[in-house]
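Peer 1: whatever this is, show me its structure:
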Amino acid sequence: MDKYGYDGPVQFKPLSPWTYFWLTVLYSIPLIGLIFLIVFSVDSSNINRRNHARSYWCVYVIVLILTAILIFSGAIVFPTIFGSFR
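Peer 2: Here you go, the predicted structure:
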């Protein structure tokens, strides 16, 4: 028996809260975190770690879309505001 009381397959073993914390820290490192994020997203040795990495990809996509929307809306709004001061 494991210290978390799980006797099932290793592939489905739950991750501790500290593991989630350190994975978050690892993914925050600029280049190394991206490499580990790619590796853990396709690795099937632990399903929970894989899903956690995939959720980070979802966050990256949402941030990318929001950033693009803000840049695009700023590109439309700022020229009209600054054009009115001439």
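Peer 1: who are the packing partners of the one helix or strand F21 maps to?
Peer 2: Using DSSP states H and E, F21 maps to helix 17-28. Helix 17-28 sits against helix 30-42, helix 47-83, with contacts defined as 3 or more C-beta pairs under 8 Å, 6 or more residues apart in numbering; DSSP states H and E. Heads up, the C-betas are built off the backbone N, CA and C, glycines and all.
Peer 1: mind redoing it with 6 Å?
Peer 2: In this structure, helix 17-28 makes packing contacts with helix 30-42, judged by 3 or more C-beta pairs under 6 Å, 6 or more residues apart in numbering; DSSP states H and E.
Peer 1: what pLDDT, on average, does the helix holding F21 get?
Peer 2: Mean per-residue pLDDT for helix 17-28: 96.
Peer 1: now stretch 40-48
Peer 2: Rounded mean pLDDT across stretch 40-48 is 95.
Peer 1: and it, what's buried?
Peer 2: In terms of neighbour count (16 or more other C-beta atoms under 10 Å), stretch 40-48 has its buried residues at 40-41, 46.
Peer 1: need these in a markdown table with distance to L64, can you?
Peer 2: Shown next, in a markdown table, are the buried residues of stretch 40-48 (distance: C-beta to C-beta, whole Å):
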| residue | distance to L64 |
| --- | --- |
| F40 | 20 |
| S41 | 16 |
| N46 | 27 |
